[in-house]
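A.B. asks: Sharing a sequence plus its predicted fold:
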Amino acid sequence: MQQKSKLRKKHLKIRKENYFEIDKKFFSPLLKLIKKKIKKKSIKIALYYPSNFESNVLKVLELKYFSYQTILLPLIEKNNLMNFYQWKKNDILTVNKFGMLEPLKTKAKIPDVIIVPLLAFDKDKFRLGYGKGYYDRYLNKYIKIYKDIMTVGVAFSFQRHNKLPINKNDVKLNFILTEKGIY
């Protein structure tokens, strides 16, 4: 656990020092991937509201395809659980106990695609998160039930770490998207 804590500090610093703005073209490989892998015309895509020098995943909303899809954002609930709720670009957001923006609680939805935040990733597509385990708990619960949920970590290429320490609760992502493309 201490090793992960040190890595979190290191990668937060690296991300802050190397952050750069991205534009909607960053998400073109993601759009191609979704169209290739998911045959439904209408999908539910879970984003997160970026903070702390994370890649601005909201730029995906500038691509016409995503304006026709159901957008979801995470909401932290009781018992340290997380669920996803529908959100439209100008809907009201609330601030949670971590200072993160969240949608209003309505009816939870299961996403077809989950865009996952991360501090670092490795060649095996494992991620280093912030240490609270919300995404890993959610994915461990729902990927067993809904095997076709696509998980995509979004990062800058400089966030790649050779080999991350993992445990039995860590979930391997399907894909990682960086400015250099899809891993």
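C.D. replies: Yep, it's here.

A.B. asks: Would you mind listing the residues in contact with Phe121?
C.D. replies: Counting by CB atoms under 8 Å, 6 or more residues apart in numbering, Phe121 touches Arg127, Leu128, Gly153, Ala155, Gln159, Arg160, His161, Leu164, Leu173, Ile176, Tyr183. Yep, even glycine has a C-beta here, placed from its N, CA and C like the rest.

A.B. asks: 6 Å instead?
C.D. replies: For Phe121, the contact set (CB atoms under 6 Å, 6 or more residues apart in numbering) comprises Arg127, Gly153, Ala155, Ile176.

A.B. asks: next one: Asp136
C.D. replies: Asp136 neighbours (CB under 6 Å, 6+ apart): Asn169, Asp170, Val171.

A.B. asks: 10 Å instead, please
C.D. replies: Val116, Arg127, Gly129, Asn167, Asn169, Asp170, Val171 (CB atoms under 10 Å, 6 or more residues apart in numbering).

A.B. asks: Assumed Asp170 was part of a helix.
C.D. replies: No - according to DSSP: H, G, I helix; E, B strand; the rest coil, Asp170 belongs to no helix; its state is coil.

A.B. asks: what about it, distance to Ile110?
C.D. replies: 21 Å (CB to CB, to the nearest Å).

A.B. asks: related to what we said a few turns ago, just put the contacts of Phe121 in TSV and tack on neighbour count and secondary structure.
C.D. replies: Shown next, in TSV, are the contacts of Phe121 (neighbours: other CB atoms under 10 Å; DSSP: H, G, I helix; E, B strand; the rest coil):
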residue	neighbour count	secondary structure
Arg127	25	strand
Gly153	26	strand
Ala155	23	coil
Ile176	25	strand
